[in-house]
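Chemist: Everything below, folded, please.
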Amino acid sequence: MSRDWLTLEDDEDVLWAASPRVQSIIPALFVGLLIAVVPAGASLLAPDALPVPVWPLVLLGVLPPVFTYIWIRNVEFVVTNRRCYRKQGVLSRDVLAVGFESVQNSSYEQGVFGTLFGHGTVSIDTAGGLGTELTFWNVEDPRSVQSLVLDQREAFDEGGDEFPGTVEQWQAVLAEVRRLRRAAERYEQSSR
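Modeler: The predicted structure is shown next:
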C-alpha cells in the first residue's frame, strides 16, 4: 500500500504498519447473504408471493461486503519511533497522529475468536484525553503491537530528559538573555 499520506520527520522511522484483517468483512458478508438469500429463497418457495422482482435484492446483498472491503482496505495503522498513526477514508482522508510524549498507556483486547485466531484490538490512551484516543482494531498479534507501543513510549521518556541543542548554543542563549536583562535594567533606571 502506498503511504503518500504519511509525512515522516527526518529522524522518524516506520517500525510497524498494518491494516485491519480482511476477515473484518465477515459480518457484512452475513448481512449481504441475508439480504440476497432470504428473498431468493422466498421466491423459490412461493414465486408469486413477492410483489417485487428478486434480482435487485440479490444485487443489493452484494453491496455490504463490497463496501466494507473497500473501507477496510483504506484503513492503515502505523507505529514509528516518534508517534502512532491511523489513516482511514475512501473518498476523503482522516489521519490521526498521537506522539509518544502524550501516550499514557496502551492495552490490548482479544475476544474468544481473537484468542483462537491471533487477532485483537490495541488501544492507546493519551494524557489529557478522555480515555482511548487511538485504536488499532482487528490487527494480527495485538500483544506484540501493544508491547512495541509501550517500548517506544519508554524509549521516548528516557530520551526526553535531553535538552535540544548543543552546549555552545545554550551558552549563546544565556549570553543573549543576560544582555537583554542588562538592557532592561538600564531602561528601568533611566525611567526613574
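
Chemist: how about the worst-scoring helix or strand of the chain on mean pLDDT: buried residues?
Modeler: One helix or strand of the chain scores below all others by mean pLDDT, DSSP states H and E: helix 26-45, with a mean of 84. By neighbour count on 16 or more other C-beta atoms under 10 Å, the buried set for helix 26-45 is 28, 29, 32, 35, 36, 39, 40, 43. In short, each C-beta sits where N, CA and C put it, glycine included.

Chemist: Likewise for stretch 114-129?
Modeler: Neighbour counts over stretch 114-129 (16+ other C-beta under 10 Å) mark 114, 119, 120, 121, 122, 123, 124, 125, 126 as buried.

Chemist: Give me the contacts around that stretch.
Modeler: 21, 23, 84, 98, 102-111, 113, 131-143, 145-146, 149 (C-beta atoms under 8 Å, 6 or more residues apart in numbering).

Chemist: Mark which of these are buried, thanks.
Modeler: Listed as buried from the contacts of stretch 114-129 are 21, 84, 98, 103, 106, 108, 110, 133-134, 136-139, 141-142, 145-146, 149; burial here means 16+ other C-beta under 10 Å.

Chemist: Can you name the element that comes right after the helix or strand harbouring residue 114?
Modeler: Residue 114 is located in helix 112-117, with elements delineated by DSSP states H and E. Downstream of helix 112-117, the next assigned helix or strand under DSSP H and E is strand 119-126.

Chemist: Next, count neighbours for residue 62.
Modeler: Residue 62 sits with 13 neighbouring residues when counted by other C-beta atoms under 10 Å.

Chemist: Quickly note the distance from the nearest residue to it once chain neighbours are set aside to residue 124.
Modeler: What sits nearest to residue 62 in space, not counting adjacent residues and going by C-beta to C-beta, 6 or more residues apart in numbering, is residue 32, at 6.1 Å. Distance check for residue 32 against residue 124: by C-beta to C-beta, to the nearest Å, it reads 32 Å.

Chemist: Alright, that wraps it up for me.
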